[in-house]
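A.B. asks: would you be able to build a 3D model of this:
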Amino acid sequence: MKQLEQMNELLDAYGALLTPRQREVMSCCFEEDFSFSEIAENFQISKAAVSDMIKRCEQILYHYEELLHLVEKSKQRMELYDKIKKDADAGLLSCIEQLEALERE
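C.D. replies: This is a model prediction of the structure:
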């Protein structure tokens with residue numbers, strides 16, 4: 001479950017940097033929960049090609065995170081927002097909620 005969650009976070013952060021076909025395959029695998037056989041049939045490629053593409057995309061996404069740390073920094077910001085919200089007045093709380101909304105976009 002942790003790998004699925006982590007991969008979805010990486011796809012949210014860096015998926016736009018993959019090719020359209022890579023994004024579609026990764027979406028089928030991690031968001032739609034298709035089997036390799038189903039993906040292979042949909043894209044008219046072999047299961048081995050699906051496996052290779054997914055492994056390659058995973059490497060690419062992990063590499064982007066190593067370089068940019070967008071997912072890590074986002075988690076850190078969300079933790080800080082939670083700490084600040086505990087002692088925030090209404091005005092500050094409103095600002096934090098707006099910042100959190102921007103994080104989710």
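A.B. asks: only C-alpha atoms for contact and neighbour calcs from this point on.
C.D. replies: Fine.
A.B. asks: what separation is there between residue 48 and residue 31?
C.D. replies: Taking C-alpha to C-alpha, to the nearest Å as the measure, residue 48 falls 20 Å from residue 31.
A.B. asks: more neighbours: these two, which one.
C.D. replies: Neighbour tally, residue 48 and residue 31, criterion other C-alpha atoms under 10 Å: the higher count belongs to residue 31, 15 against 12.
A.B. asks: quick one, phi psi at that one?
C.D. replies: Main-chain dihedrals, residue 31, degrees, to the nearest 10: phi -100, psi -40.
A.B. asks: number of nearby residues for the closest residue to it other than its chain neighbours?
C.D. replies: Nearest residue to residue 31, sequence neighbours excluded (C-alpha to C-alpha, 6 or more residues apart in numbering): residue 8, at 7.3 Å. Around residue 8 there are 17 other residues, counting by other C-alpha under 10 Å.
A.B. asks: now do residue 3
C.D. replies: Neighbour tally, residue 3, other C-alpha under 10 Å: 9.
A.B. asks: ditto for residue 71
C.D. replies: Using other C-alpha under 10 Å, residue 71 has 18 other residues around it.
A.B. asks: quick check: which element contains it?
C.D. replies: Residue 71 is part of helix 70-86 when elements are defined by DSSP states H and E.
A.B. asks: how about residue 21?
C.D. replies: helix 20-26.
A.B. asks: quick one: average pLDDT of that helix?
C.D. replies: For helix 20-26, mean pLDDT rounds to 97.
A.B. asks: which residues touch stretch 47-54?
C.D. replies: Residues outside stretch 47-54 that contact it (C-alpha atoms under 8 Å, 6 or more residues apart in numbering): 22, 25-26, 36-37, 39-40.
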